[in-house]
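In: no FASTA, just this:
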């Protein structure tokens with residue numbers, strides 16, 4: 001069959017490509033109908049010339065590498081039908097229907113903003129949006145795509161009303177919460193798909209057990225925070241503003257914020273608000289949609305630090321902290337007289353009271369006044385080191401690696417008393433630690449972790465920001 005004969009397949013444009021025929025369907029169904037008529041005519045013509053040929057016309061002039069390039073993803077089935085006709089009618093080797101990447105579907109809400117209720121950062125869509133690479137629909141996955149919906153069970157409200165549960169050190173109420181792991185997110189509060197349930201899940205304020213969105217990594221920080229807070233035995237519902245110490249407490253806070261944000265009820269139409277300067281300045285709340293966010297993101301380093309994952313390699317964290325540790329060389333080891341006397345009196349107290357005094361030093365950070373950078377030497381360096389490594393003094397540095405510290409001391413041929421651990425702890429307690437001029441300025445992962453920890457520390461049940 002000569003190549004001009006293929007023009008009988010009117011819906012296709014015929015071109016010679018790499019020795020084969022490249023057929024580009026414009027109207028696949030019309031192509032099928034045209035091919036049926038064309039094949040029948042060819043069989044009849046061959047039988048007229050050679051009645052013994054039967055109904056299996058030869059295709060010696062057909063190139064077996066003929067392929068079909070689909071115009072769009074919906075034509076796969078029709079293209080396969082045509083390939084099957086070629087094979088069965090002309091006894092061809094299997095005609096290849098190449099795997100063509102599907103044409104991106106249209107997701108009308110993919111640029112609508114939803115934020116993590118812990119950090120205020122974006123819950124990033126898993127489908128193409130304005131955040132995709134410029135000029136493509138590629139979605140680069142990162143930690144902000146990994147999300148969870150925290151949702152209460154029907155028994156949660158009754159549990160939360162019990163006065164005995166307002167003061168808790170254990171996470172008993174967490175059993176009345178379920179975490180729905182997001183497998184797909186198509187943007188807006190309407191389009192979450194989760195592993196545990198069929199169909200879509202929405203953030204609906206009319207639902208008493210409302211689903212609350214959060215990053216998986218941020219929830220890990222919440223768990224560490226709750227483990228730390230639990231030992232203080234706070235009264236969550238205290239009139240002077242009790243502090244949360246369990247995931248159940250935080251869920252109540254987050255639910256209140258969602259309800260205050262969406263006063264008219266129904267599915268959330270805007271990101272959940274936070275009363276402390278909008279998640280301590282998280283930029284996502286300042287944009288109407290992801291289009292504006294993406295434009296600024298390309299130019300702003302300040303914005304990118306809000307996207308630094310708070311959970312990362314403990315060895316790296318430890319090396320960063322150890323880089324700020326100095327030796328005792330040339331420094332006085334003599335204790336401050338006033339501090340030494342105070343410590344002596346503390347040690348003379350019953351063990352239980354002494355423990356309470358030490359507990360009052362946690363966390364070793366003051367909101368009102370910066371911690372003094374002058375070491376008192378009243379406590380040995382070993383005490384400061386152990387308190388830091390255990391996460392007691394600086395709790396947001398909970399994952400320091402003890403093996404990395406031992407390696408550091410061993411390589412320097414020094415023991416723990418030769419290092420100024422007290423000065424290091426005082427430096428780490430400074431409010432400006434991760435800001436310009438601070439010892440950890442520029443380490444954006446630690447900056448974001450400290451910001452998130454502070455947000456958790458500031459959270460209170462009655463603190464909300466109302467929408468309008």
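Out: Looks like it arrived, so ask away. Every value quoted in this text rests on a predicted model; they were computed, and no experiment measured them. Residues are numbered from 1 along each chain as shown.
In: what comes up buried for the longest strand seen in the chain?
Out: Secondary structure of the chain per DSSP state E: the longest strand is strand 177-185. Neighbour-count burial for strand 177-185, counted by 16 or more other CB atoms under 10 Å, picks out 177-180, 182, 185. C-beta here means a position set from N, CA and C on the backbone, and glycine is covered the same way.
In: okay, residue 113 and residue 382: tell me how far apart.
Out: To residue 382, residue 113 is 49 Å away according to CB to CB, to the nearest Å.
In: swap in residue 214?
Out: 38 Å.
In: quick one: which of those two has more around it?
Out: Remark: of residue 214 and residue 382, residue 214 carries more neighbours, 24 against 13, as counted by other CB atoms under 10 Å.
In: which SS class is the more buried one?
Out: strand (DSSP: H, G, I helix; E, B strand; the rest coil).
In: quick check on the residue nearest to residue 179 when sequence neighbours are not counted: phi, psi?
Out: Spatially, and ignoring its direct neighbours in sequence, residue 179 is nearest to residue 148 (4.9 Å; CB to CB, 6 or more residues apart in numbering). With angles defined as degrees, to the nearest 10, residue 148 sits at phi -140, psi 140.
In: residue 148 and residue 142, how far apart?
Out: Using CB to CB, we find residue 148 at a distance of 16 Å from residue 142.
In: low-scoring stretches of the stretch 201-350 of the chain, by residue?
Out: Low-confidence segments of the stretch 201-350 of the chain, defined by pLDDT under 70: 241.
In: ok, which stretches of the stretch 301-450 of the chain are helices?
Out: Ranges of helices within the stretch 301-450 of the chain are 301-304, 314-322, 337-348, 351-359, 381-389, 402-411, 421-428, 444-458, based on DSSP state H, counting those that start in this stretch.
In: between those helices, which gets nearest to residue 118?
Out: helix 444-458 (6.3 Å; CB to CB).
In: can you list contacts of the closest one?
Out: 118-120, 218, 221-222, 225, 243-244, 250, 274, 276, 279-280, 304-312, 317, 320, 395-396, 433-434, 440-441 (CB atoms under 8 Å, 6 or more residues apart in numbering).
In: and for stretch 248-261?
Out: With contact meaning CB under 8 Å, 6+ apart, stretch 248-261 is reached by 117, 150, 152, 156, 159-160, 171-174, 176-177, 203, 205, 210, 212, 222, 226, 236, 244, 268, 270-275, 456, 459-467.
In: quick one: end-to-end distance for stretch 434-442.
Out: Distance across stretch 434-442, first residue to last, is 7 Å (CA to CA, to the nearest Å).
In: centre of the chain to it, how far?
Out: Distance of stretch 434-442 from its chain centroid, counting by CA atoms, centre = their mean, to the nearest Å, is 25 Å.
In: do the same with stretch 431-449
Out: Chain-centre distance of stretch 431-449: 21 Å, with CA atoms, centre = their mean.
In: low-confidence stretches in the stretch 1-150 of the chain?
Out: For the stretch 1-150 of the chain (pLDDT under 70), the answer is 1-105, 133-137.
In: what ranges do the strands span in the protein?
Out: Using DSSP E, the strands of the chain run over 12-17, 20-25, 67-68, 147-152, 177-185, 192-194, 200-201, 212-215.
In: from residue 255, how far out is the residue nearest the centre of the chain?
Out: Centroid-nearest residue in the chain: residue 144, 2.5 Å away (criterion: CA atoms, centre = their mean). Distance of residue 144 to residue 255, computed by CB to CB: 22 Å.
In: residue 456 too?
Out: Counting by CB to CB, the gap from residue 456 to residue 255 is 16 Å.
In: now stretch 320-327: buried residues?
Out: Applying 16+ other CB under 10 Å to stretch 320-327 flags 320-322, 325 as buried.
In: which one of the residues you listed is nearest to residue 419?
Out: For the buried residues of stretch 320-327, the nearest to residue 419 is residue 325 (5.7 Å; CB to CB).
In: just send the buried residues of strand 177-185 back as JSON lines, with distance to residue 402 and pLDDT too.
Out: As requested, the buried residues of strand 177-185 are arranged in JSON lines below (distance: CB to CB, whole Å; pLDDT from 0 to 100):
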{"residue": "177", "distance to residue 402": "33", "pLDDT": "95"}
{"residue": "178", "distance to residue 402": "35", "pLDDT": "95"}
{"residue": "179", "distance to residue 402": "30", "pLDDT": "96"}
{"residue": "180", "distance to residue 402": "36", "pLDDT": "97"}
{"residue": "182", "distance to residue 402": "35", "pLDDT": "97"}
{"residue": "185", "distance to residue 402": "38", "pLDDT": "97"}
